[in-house]
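**Q** Sharing a sequence plus its predicted fold:
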Amino acid sequence: MMAASADGKSREFFVGDLGQILMAGGWAMAPILICSAVALAIVLERCWTLRRSSVLPPGLAQEVREWARSDQLDPAHLEKLGTGSPLGELLAAALAVRQHSRDLIKERIEDTGRHVVHRMERYLNTLGTIALIGPLLGLFGTVIGLIRMFMQVMVGGMADPTKMAGGIGEALICTAAGLTVAIPAYVLHRYFRSKVAGYVVEMEKQATLLLDDLTLSAQPATRARRAPLAAGDKAPV
């Protein structure tokens, strides 16, 4: 019981000290805190959206290739596939034009892929911007704190060191807060970028395999249509 009460008191002191530190940073802490809240929301949203099971459902690509080989496809099936995951959307775009030439299917995959990648990178530019402006906001708060310190020195002279300490404390708190927001934001921005790049490589691989299957399945039908002409039959007029 004594240990539990001691832990509770320590947490209360920590929260109280943290609140005092934030208040001591002055009004320049407001934009830094807003940036930290936005960055946290983006990180949580991207962690949920960019789960591997959500982007690249296991076994989906193999299942789709089997559907294509057996020709078990219909518009409702393709619509469900396209709305299930980014990989499904890419494969559904290829299957929607499977009766056309390889070049047209490849072009459709590339066009759809650009839209898919854009959605996977949503909010990452904002996270990168927060990582960039975090130190600048901290520097801005530092300058404000130093200006405040010098103004107090000009008014009251050097007789009261506590007035100088307030300005110096405000400057240091803003600098530390800006770096505390910027460093994790930068690291996570790079992490999500690399994660999306890895997903793109895997989706390109699966789309290429499906494209090869569609091309190979279309070749026998093409040869069957050309066989009478090759045997010397005349084409119908």
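**A** Everything's here; your move. Residues are numbered from 1 along each chain as shown.

**Q** This structure: helices as residue ranges?
**A** 2-24, 29-49, 52-55, 60-70, 75-84, 86-96, 102-120, 124-156, 161-230 (DSSP state H).

**Q** now those as JSON lines including mean pLDDT and mean neighbour count?
**A** (C-beta placed from N, C-alpha, C; glycine too.) Below are these laid out as JSON lines (pLDDT from 0 to 100; neighbours: other C-beta atoms under 10 Å):
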{"stretch": "helix 2-24", "mean pLDDT": "54", "mean neighbour count": "10"}
{"stretch": "helix 29-49", "mean pLDDT": "94", "mean neighbour count": "16"}
{"stretch": "helix 52-55", "mean pLDDT": "92", "mean neighbour count": "14"}
{"stretch": "helix 60-70", "mean pLDDT": "84", "mean neighbour count": "15"}
{"stretch": "helix 75-84", "mean pLDDT": "83", "mean neighbour count": "14"}
{"stretch": "helix 86-96", "mean pLDDT": "90", "mean neighbour count": "22"}
{"stretch": "helix 102-120", "mean pLDDT": "92", "mean neighbour count": "15"}
{"stretch": "helix 124-156", "mean pLDDT": "86", "mean neighbour count": "17"}
{"stretch": "helix 161-230", "mean pLDDT": "80", "mean neighbour count": "16"}
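
**Q** Please list the residues outside stretch 84-98 that contact it.
**A** The contact list for stretch 84-98, computed with C-beta atoms under 8 Å, 6 or more residues apart in numbering, reads 54-57, 60-61, 64, 67-68, 73, 78-79, 81-83, 104-105, 108-109, 111-113, 116, 119-120, 199, 202-203, 206-207, 210-211, 214, 218.

**Q** For that stretch, output the C-alpha coordinates as PDB.
**A** This file holds the C-alpha atoms of stretch 84-98, laid out as PDB (Å, rounded to 0.1, in the frame of the first residue of the first chain):
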ATOM      1  CA  GLY A  84     -10.900  -4.800 -50.300                       C
ATOM      2  CA  SER A  85      -7.300  -3.600 -50.200                       C
ATOM      3  CA  PRO A  86      -4.700  -1.600 -52.200                       C
ATOM      4  CA  LEU A  87      -3.300  -4.800 -53.700                       C
ATOM      5  CA  GLY A  88      -6.800  -5.900 -54.600                       C
ATOM      6  CA  GLU A  89      -7.500  -2.600 -56.300                       C
ATOM      7  CA  LEU A  90      -4.400  -3.000 -58.400                       C
ATOM      8  CA  LEU A  91      -5.200  -6.500 -59.400                       C
ATOM      9  CA  ALA A  92      -8.900  -5.700 -60.100                       C
ATOM     10  CA  ALA A  93      -7.800  -2.900 -62.500                       C
ATOM     11  CA  ALA A  94      -5.700  -5.400 -64.500                       C
ATOM     12  CA  LEU A  95      -8.600  -7.900 -64.600                       C
ATOM     13  CA  ALA A  96     -11.100  -5.300 -65.700                       C
ATOM     14  CA  VAL A  97      -9.200  -5.000 -69.100                       C
ATOM     15  CA  ARG A  98      -7.900  -8.600 -69.300                       C
END
